[in-house]
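Trainee: Predicted model and sequence follow; I will ask about them next.
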Amino acid sequence: SRIVHFLISFSPSRNEDLKEMLESNKESLKLEAMKRVVGLIAKGKNASELFPAVVKNVASKNIELKKLVYVYLVRYAEEQQDLALLSISTFQRALKDPNQLIRASALRVLSSIRVPIIVPIMMLAIKEAASDMSPYVRKTSAHAIQKLYSLDQDQKELLIEVIEKLLKDKSTLVAGSVVMAFEEVCPDRIDLIHKNYRKLCNLLVDVEEWGQVVIISMLTRYARTQFTNPWKEEGVFDERNERAFYESDEEKTRDETEAKPYMMDPDHRLLLRNTKPLLQSRNTAVVMSVAQLYWHLAPKNEVSIITKSLVRLLRSHREVQYIVLQNIATMSIQRKGMFEPYMKSFYVRSTDATHIKSLKLEILTSLANEANISTILREFQTYVKSQDKQFAAGTIQAIGRCATNISEVTDTCLNGLVLLLSNRDETVVAESVVVIRKLLQIQPTQHSDIIKHMAQLFDNITVPMARASILWLMGEYCERVPKIAPDVLRKMAKSFTSEEDIVKLQTVNLAAKLYLTNSKQTKLLTQYILNLGKYDQNYDIRDRTRFIRQLIVPNDKNGALSKYAHRILLAPKPAPVLESAYKDRDRYQLGTLSHTINTKASGYLELSDWPAVAPDQSVRNVEVIEPVKEWAPSLGKTGKSKPAKSSDDKFYSDSGEEEEEKGSGSSSSEDGSSSSSEVQSILSVRLHILQNERVCPESGSDAESHVQKNSSQSSEESDKSSSQSEKSSSESDSEKKERKTKTPLQKKTVKPTAKDRAGPTSPKQHTKTIFVNVINQHSVLQTFSYSHWSTLCVSLFTQLCPLSLAFPLQVSGPAFVPEKSHDLLHRMTGKGLSAQYQFPRQPCLYQPTMVSVQISLTNTTDHPLEQIHIGDRSPTGLNMHCFNTIECLEPEASVTVFMGIDFNDSTQAANFQLCTKEDHFSVSIQPAIGELLLPITMTELDFRKEKGKLLGMNESSATITMAAENMTSQPISRPVATVANLGVVPSSQGNVHRFAGKTASSRAVVLVTVELRESSTALITINTEKSVMGSMLLRDLKLALAQA
């Protein structure tokens, strides 16, 4: 029945129906037919006979139908080249289609027609597509470059021009594709990358995963040709060198005079810094690419950051495990310390495939040292009992390598291998014999008993390699077992004809060696065995026998040669070196096919050696347009601006203003003079407000008095010019009151914008430049009437406010402080000293990156406790500010002290000793993830902007079900504030609650959004670059809100 169904499904009538539908006048039938045809292609069935009917619809006006037709043509254009050529003109017209998908599909079909005659048409189409407005079409043109190059390599120079143009493209959609085209067409043209290097490094995080792998591989090769070797022991990277691109010539000259043994190029550091976040990628190929980049380019002390990411990949599929373990095996040979803390991750599981087991075994052997060898050998004892014979044999070889590498356990390993000789499994016994033979060669004088024991087991061992190994040992050390070796030779003479070839060869060797050392007992046996070998079926054995006979038995013809028989056969032989199979694989770039198969694959590009002297780094410099020009305001015709004063104080001083007034000239009319003084006074007031808020925000009273002083001066000048009859003192007083009320309002309008935060030039610099330009345009301002002054100054101030507003996000007070305390030291454990700790959620006074911890100490004994202080702490390097020593704590008395601990944005416990004069108690403080945050103030607009920057891998979300009575503001805010120290962000939407904070150590922004939905559900979204912290915080918030 299956055969009948198969024949019916491929019957001609079925295809005839599709042809009729494709030739129908109804668009709906054609669309349905194309959907069926594409479905057949997706299932792997052949639909090539429908090509004539499908290609007729290539000019259809229906967009959906045209898309499906192009999908079909891309698949079969190469097979049906003649029919596809008939539609070339249609494809060319489609390249001008308004729809970007149609343009891209037309180019894809055109490049799929593998006919040399249309190469010029393809070349023209690629050039036009490279300049297309749509990044998707430009991406398709980069793909077409590779197809055209494989069809006609004579077009290489023209294609390089297109590649050079596309490399300048700023779209992340195009970057990966054009770099792939670069790698295929002209991988040696490093000069094309110079100007685009920094751009590619900065775009890397936003490129699709396939493109990330290609770009990282290319940048790895590029870096090996442009930067010096960072693996020097004395090499130290100075972070100040990162500013070399922006610093002045004087600073550059001063830095050059300082002798540095090694200085990392800032572009080298840029590559390492921008690829590091990709270690958290979900794509295993991306993580592997970054790992190989750090392995080949990073300083030795920084390579260890890839370890956790590689170990994480071991939880993936076995295909991924195989590649990752191969690379780890190569790394572990050179740097054991990298993976030693994660040794348990390489323990073999019963569900692992054999090739995975072998790789883990290889890594464990490489990680073995004096400290962990006992643990590893216990693991190996279990592996030897495995039902997988190949794995058990590999374990025995690993034991032998451990015994060779670590002399302290050589005897232990030998004794264990000797015990395995009595194993029932022939494979285990055979492998044990082979490994014992290699180990005995290292210390032959000390192990004659083992050789005797192996001779006793000889009859029970049937594996040819094992029997041959024992015979070789007997012959090599026959002088140490003079009584046993002849007896073994006697047994072998009986069974010589039935033995395997490898055993026969070693029997002949044993006979020859015994003939030289103990000819009295073995002369006849040797002659008998040589006669048997002379007529053996294997020509190797016959040749060996004739050679041995001529060598050891003297006669008239070979008397000279027999003198040297002893030196030839019994010469001391070097001990074998047991090495890893992955020792020499580091000659290939990690993560490549060549490294996997341990052979140079087609298309493999070798990494070049580090240059002795770094090439000129200025080739990567790109001309940057000064951003100041964009901010300069234009009021009427711009006059020639005068240079600003060299000192900030001089620029903002009163004398400076007077000089500006003199330089700008005076008007003959009274109105003109009053208006000019009015503008300058208002600008001066605004300028002082901005300066004081930007430079010294903490000295509020001084700034306020400064503003009031200038306000009074400006008001007095304006009053004198407008009405001379009234007393200036009264006007000044009234103006003072007015200024006092207006100035704070103007300060409130000052809000930082995201654009200003990201600006390359400081806001203070922008403000100075603009004010210089505005004041120098004084002659233009004089042409305005007095009625425009207030409007003009307000608009100027509105434009200037955002320029000086790049304030850091301000830390606010906690929304809620939990009263819950945790036991630090129980009174029974502390011998009467009791300690509890809690997090007061206040900024730490000792250091901004520390978390403040409040500790309550209580003496529950009947005698005073003296010299209570903090002792040793761990982990090593823990940054902690300890409280001062408490000299004496009376009985039943309590004292509260504060500490500061830098948890480095981790929930890892801070361990330390709480000491008294007589005792030391080990205690630990374990922070909840929410206590590592500081609340910040933020507007809803700023919240949305910051959230827009933290999407993709920086966002985690979950949906929970809540009780209906908790779907209001108060029940939402309280649990969130209890779990995490976050600030509440005002929200214009009643069903959306927003919270903001930043991590105490790294100052990374953490944004929490709780959106209430229908059916008593809520969506929790967390945006932060600290993805691990985000997932942990999401787990705690889900639990708290669900139980609220």
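Mentor: In hand now; what should we look at?
Trainee: right, and the secondary structure at Met899 would be what?
Mentor: Three-state call for Met899 (DSSP: H, G, I helix; E, B strand; the rest coil): strand.
Trainee: distance of it from Asn879?
Mentor: Met899 sits 11 Å away from Asn879, taking Cβ to Cβ, to the nearest Å as the criterion. Quick note: C-beta positions are derived from backbone N, CA and C, even for glycine.
Trainee: what about Gln92, distance to Gln146?
Mentor: Counting by Cβ to Cβ, the gap from Gln92 to Gln146 is 21 Å.
Trainee: Next, Val811: phi, psi?
Mentor: phi -80, psi 130 (degrees, to the nearest 10).
Trainee: which residues touch it?
Mentor: Val811 sits next to Pro843, Leu934, Pro935, Ile936, Lys998 when contact means Cβ atoms under 8 Å, 6 or more residues apart in numbering.
Trainee: before we move on, what about Pro341?
Mentor: Per Cβ under 8 Å, 6+ apart, neighbours of Pro341: Thr307.
Trainee: Please report how far it lies from Gly997.
Mentor: Taken as Cβ to Cβ, the span from Pro341 to Gly997 is 32 Å.
Trainee: pLDDT wise, what is Leu278 at?
Mentor: Model confidence at Leu278, given as pLDDT, is 94.
Trainee: let me redo that: Ala958
Mentor: The model's pLDDT for Ala958 equals 88.
Trainee: same thing with Ala291?
Mentor: Ala291 is given a pLDDT of 95.
Trainee: can I assume it is in contact with Leu590?
Mentor: Yes: with contacts counted by Cβ atoms under 8 Å, Ala291 reaches Leu590, the gap being 7.2 Å.
Trainee: In the protein, which residue is most central in space?
Mentor: Leu279 (2.4 Å; Cα atoms, centre = their mean).
Trainee: Can you tell me the SS state at that residue?
Mentor: helix.
Trainee: From here on, call the first residue 34.
Mentor: Sure, I'll start numbering at 34, so the last one becomes Leu312.
Trainee: Quick check: Ile366 touching Thr398?
Mentor: No: if you go by Cβ under 8 Å, Ile366 and Thr398 don't touch, sitting 9.8 Å apart.
Trainee: list the residues that contact both of the two?
Mentor: By Cβ under 8 Å, 6+ apart, the residues touching both Ile366 and Thr398 are Ser613.
Trainee: the more surrounded of these two?
Mentor: Neighbour totals were compared for Ile366 and Thr398, and Thr398 leads with 24 against 20 (other Cβ atoms under 10 Å).
Trainee: returning to that earlier point: more crowded one of Gln125 and Gln179?
Mentor: Gln179 (18 against 14).
Trainee: Pull the contacting residues for the more buried one.
Mentor: Counting by Cβ under 8 Å, 6+ apart, the residues that Gln179 touches are Met213, Ala214, Glu217, Val218.
Trainee: Filter those residues down to the ones in helices?
Mentor: Of the positions in these, Met213, Ala214, Glu217, Val218 sit in helices, assigned by DSSP state H.
Trainee: In this structure the third one contacts Tyr182, no?
Mentor: Yes: because the distance of 6.3 Å satisfies Cβ under 8 Å, Glu217 is recorded as touching Tyr182.
Trainee: which of the two has more neighbours?
Mentor: Neighbours were counted for Glu217 and for Tyr182 using other Cβ under 10 Å; Tyr182 has more, 19 against 16.
Trainee: ok, now which ones touch that one?
Mentor: Gln188, Lys189, Leu192, Ala214, Glu217, Val218.
Trainee: Quickly name whichever of the residues you listed is closest to Thr540.
Mentor: The closest of the contacts of Tyr182 to Thr540 turns out to be Glu217 (Cβ to Cβ; 59.2 Å).
Trainee: quick one, what contacts the closest one?
Mentor: By Cβ under 8 Å, 6+ apart, Glu217 lies in contact with Ile178, Gln179, Tyr182.
Trainee: Next step: those residues restricted to helices.
Mentor: Using DSSP H, those in helices are Ile178, Gln179, Tyr182.
Trainee: now, which of those sits nearest Gln474?
Mentor: Closest to Gln474, out of all of the ones in helices among the contacts of Glu217 and judged by Cβ to Cβ, is Gln179, at 55.0 Å.
Trainee: Distance of the closest one relative to Ile339?
Mentor: Counting by Cβ to Cβ, the gap from Gln179 to Ile339 is 31 Å.
Trainee: Also Leu326?
Mentor: From Leu326 to Ile339 the distance is 9 Å (Cβ to Cβ).
Trainee: Count the residues that sit near the residue nearest to His1026 when sequence neighbours are not counted.
Mentor: Spatial nearest neighbour of His1026, chain neighbours left out: Val1043 (4.5 Å); criterion: Cβ to Cβ, 6 or more residues apart in numbering. The number of residues packed near Val1043 is 22, by other Cβ under 10 Å.
Trainee: and if you look at Lys418?
Mentor: For Lys418, using other Cβ under 10 Å, the count is 11.
Trainee: isn't it right up against Phe424?
Mentor: No: if you go by Cβ under 8 Å, Lys418 and Phe424 don't touch, sitting 10.5 Å apart.
Trainee: any residues in contact with both of these two?
Mentor: Contacts common to Lys418 and Phe424, judged by Cβ under 8 Å, 6+ apart, are absent.
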